[in-house]
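*Asks:* Return atomic coordinates for the entry below.
(2 chains)
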Protein chains: 2
Amino acid sequence: MPLIVSRMPEGKFIYHGGGKIGKMNNVYVHGYDQRENIRLQDQASTLVDLLHFDTSFPAESRVLETGCGVGAQTVTLAKKSPNAYITSIDISETSVAEAKQRIESEGISNVHFQQGNIFDLSFEPESFDHVFVCFVLEHLPNPIEALSVLKKFIRPGGTITVIEGDHGSTYFYPDSEAAHKAIQCQVELQRRAGGNAMIGRELYPLMTKAGYEMVRVSPRMVYVDSSKPQLVEGFTKKTFTAMIEGIRAAAIEAGIIDQITFDKGIKDLYRAAEYDGVFCYTFFKAVAEKR
Amino acid sequence: MPLIVSRMPEGKFIYHGGGKIGKMNNVYVHGYDQRENIRLQDQASTLVDLLHFDTSFPAESRVLETGCGVGAQTVTLAKKSPNAYITSIDISETSVAEAKQRIESEGISNVHFQQGNIFDLSFEPESFDHVFVCFVLEHLPNPIEALSVLKKFIRPGGTITVIEGDHGSTYFYPDSEAAHKAIQCQVELQRRAGGNAMIGRELYPLMTKAGYEMVRVSPRMVYVDSSKPQLVEGFTKKTFTAMIEGIRAAAIEAGIIDQITFDKGIKDLYRAAEYDGVFCYTFFKAVAEKR
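*Replies:* The predicted structure is shown next:
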């Protein structure tokens, strides 16, 4: 979430922080405005068990978190590995400052923050035991290159953990074509910004092609029906549907969808959060080794 | 898989066994020819852990399996609950005979077979502790009615277990519009036959509406990449893609798709079974109580 990436004419990657959702030099990204921050926080707190029950690094191990954003995952990372030394970087100074404040307010002391660009990091080679990348590759035009670059900083025998969503994994009851179209707007906007909102399913080939070994992918499906009111609120409504709602202006302005279809799509997503509705979404978590 | 259901003009359900896949009085069903039997067997043997690791009924309990077909699930059911008394029914005499032979050849003795129609069963009310329904509701025009009817035969405090797939849960890498269209043919043919190939996601509302309590749905996602060669062969190719391939003639004849698109779709599904491909499909398992 914390990166916007564009490709320069000469093929060089540049990274720059974003502003509010909407018109942003024809580039869309989620993760920056306040409402997005709340959404990310909701997301992390309702999904934390699902995504992170097995995110734990040994005492004394050196962990690099790339693309920490405002620290939504950093808090969990630090709490789950209280005796690891965590270095969290993000391209955006503002995000890093916010993440730092957040971590301090939680009384966590094992995280060191630093502004930095994945493609231009100043760490010594092989200086980390583990790398953690969550909701970052979805925004990169060349995720394999990013994974390859990060490999240099992992010691032989160390691991990389990657977590990504996949908007193409979304389905619900009652089914709705308009809702699928509204979701597709996000996929299309992210694609135009150089990203891939359906990257989750691709983690195995991406990591294999980047030269990692023993790639093990574990899908984390969020299944929500009304027997789980916390997930209905926390995930179906406040995380997923709120995220799609957030791109309304950008999607309509970009001419990807008409207002009526988009609004019906959102209505239908809320319909799937009613007493007899069901909502499904899958995240993918991959762990691999550097040999 | 073992049932074909049509709705008579007066609204009464009738059940009849099927023949080969293809032209069958404008009705399509999967589950009957020899190739399908092999496929169902492959399916059961590769998916057995995923679907049935928690399918176990206590000693002495009376279990009713409805729609046992050729016994693909019955073998597992009996082995996982060796001291339960299992009664397995199917509408098709031929299937029942085949299932019986299969169970006998496995040396299993705790299953009693009987030809029977879900909507016209001769059992005493409340004469079973547990009911087991696997890949049956997807073929019924009114699954809620079937679930309600079965409830009568469960003692208060007894349970029902329902397992169904959901073809709308299918996605893969590389993505392919043609492959999605080919899959959609199966959904459409099954719909025309009165069924619903996307019923998995609906289990919670269906069972709740049928009057069951404590409905707990557990998605069982099959995630396949080339690190799992057994699933690539056993599921992506021999179960799922083989099933879609099996409806080629019926789909083209019904005018749902053209030959070129269908064949490209199948090719693309096999592409997802290559070394850098990924395939995802989700079954849903629900357990509920009769109060």
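*Asks:* use CA for all of it now, contacts and neighbours both
*Replies:* Will do.
*Asks:* The helix or strand encompassing residue A:224 near chain B anywhere?
*Replies:* Using DSSP states H and E, residue A:224 falls within strand A:213-225. Yes. Residues of strand A:213-225 contacting chain B under C-alpha under 8 Å from any C-alpha of the partner chain: A:215-216, A:218-219, A:221, A:223, A:225.
*Asks:* Likewise for stretch A:152-172?
*Replies:* Yes. Using C-alpha under 8 Å from any C-alpha, we find that stretch A:152-172 touches chain B at A:168-169, A:171-172.
*Asks:* buried sites along that stretch?
*Replies:* For stretch A:152-172, the neighbour count (16 or more other C-alpha atoms under 10 Å in any protein chain shown) marks A:152-155, A:158-172 as buried.
*Asks:* Tell me where the stretch 151-291 of chain A has helices.
*Replies:* A:177-192, A:203-209, A:229-231, A:242-245, A:248-253, A:259-271 (DSSP state H, counting those that start in this stretch).
*Asks:* Please settle this for me: is residue A:113 part of a strand?
*Replies:* Yes. Per DSSP: H, G, I helix; E, B strand; the rest coil, residue A:113 lies within a strand segment.
*Asks:* In the stretch 51-200 of chain A, what residue lies closest to chain B?
*Replies:* residue A:173 (6.5 Å; C-alpha to the nearest C-alpha).
*Asks:* So what's the residue count around that residue?
*Replies:* Residue A:173 has 25 neighbours, counted by other C-alpha atoms under 10 Å in any protein chain shown.
*Asks:* ok, back up a step: check which helices and strands the strand holding residue A:224 sits against.
*Replies:* Applying 3 or more C-alpha pairs under 8 Å, 6 or more residues apart in numbering or on different chains; DSSP states H and E, one finds that strand A:213-225 contacts helix A:34-52, helix A:203-209, strand A:278-289, strand B:213-225.
*Asks:* Could you rerun that using 6 Å?
*Replies:* strand A:278-289 (3 or more C-alpha pairs under 6 Å, 6 or more residues apart in numbering or on different chains; DSSP states H and E).
*Asks:* what about the strand it packs on, near chain B?
*Replies:* No. Applying C-alpha under 6 Å from any C-alpha of the partner chain, one finds strand A:278-289 separated from chain B by no less than 6.7 Å.
*Asks:* residues near the closest residue to residue A:149 other than its chain neighbours, how many?
*Replies:* Nearest non-adjacent residue to residue A:149, counting by C-alpha to C-alpha, 6 or more residues apart in numbering or on different chains: residue A:119, 6.7 Å away. Residue A:119 has 15 neighbours, counted by other C-alpha under 10 Å.
*Asks:* Equivalent analysis for residue A:58, please.
*Replies:* 15.
*Asks:* Residue A:220 now?
*Replies:* 18.
*Asks:* Around chain B, pick out the residues from chain A.
*Replies:* So chain A meets chain B at A:205, A:276 (C-alpha under 6 Å from any C-alpha).
*Asks:* Flag the shaky bits of chain A, pLDDT-wise.
*Replies:* Applying pLDDT under 70 to chain A flags residues A:1-46.
*Asks:* Give me the distance between the most centrally placed residue in it and residue A:285.
*Replies:* Central residue of chain A (C-alpha atoms, centre = their mean): residue A:135, 1.8 Å from the mean position. From residue A:135 across to residue A:285, the span is 10 Å (C-alpha to C-alpha, to the nearest Å).
*Asks:* ok, now residue A:250?
*Replies:* In terms of C-alpha to C-alpha, residue A:250 sits 29 Å off from residue A:285.
*Asks:* show me the contacts for the residue in the stretch 101-250 of chain A positioned nearest to chain B.
*Replies:* In the stretch 101-250 of chain A, the residue found nearest to chain B is residue A:205; the distance is 5.0 Å by C-alpha to the nearest C-alpha. Residues in contact with residue A:205 (C-alpha atoms under 6 Å, 6 or more residues apart in numbering or on different chains) are residue B:276.
*Asks:* change it to 10 Å
*Replies:* Neighbouring residues of residue A:205 by C-alpha atoms under 10 Å, 6 or more residues apart in numbering or on different chains: A:144, A:211, A:215, B:173, B:225-226, B:275-278.
*Asks:* In those, which residue is surrounded by the most others?
*Replies:* residue B:225 (29 neighbours).
*Asks:* is the residue nearest to it when sequence neighbours are not counted in a bridge, and if so with what?
*Replies:* What sits nearest to residue B:225 in space, not counting adjacent residues and going by C-alpha to C-alpha, 6+ apart, is residue B:278, at 4.7 Å. Beta bridges link residue B:278 to residue B:173, residue B:225 when assigned by DSSP bridges.
*Asks:* Test my guess that residue B:278 contacts residue A:201.
*Replies:* Yes. At 6.7 Å, residue B:278 counts as touching residue A:201 under the criterion of C-alpha atoms under 10 Å.
*Asks:* what's the overlap in contacts for these two?
*Replies:* With C-alpha under 10 Å, 6+ apart, residue B:278 and residue A:201 have common neighbours B:171-175, B:223-225.
*Asks:* got those residues as JSON lines, with distance to residue B:54 columns?
*Replies:* Below are those laid out as JSON lines (distance: C-alpha to C-alpha, whole Å):
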{"residue": "B:171", "distance to residue B:54": "26"}
{"residue": "B:172", "distance to residue B:54": "27"}
{"residue": "B:173", "distance to residue B:54": "30"}
{"residue": "B:174", "distance to residue B:54": "33"}
{"residue": "B:175", "distance to residue B:54": "33"}
{"residue": "B:223", "distance to residue B:54": "19"}
{"residue": "B:224", "distance to residue B:54": "21"}
{"residue": "B:225", "distance to residue B:54": "24"}
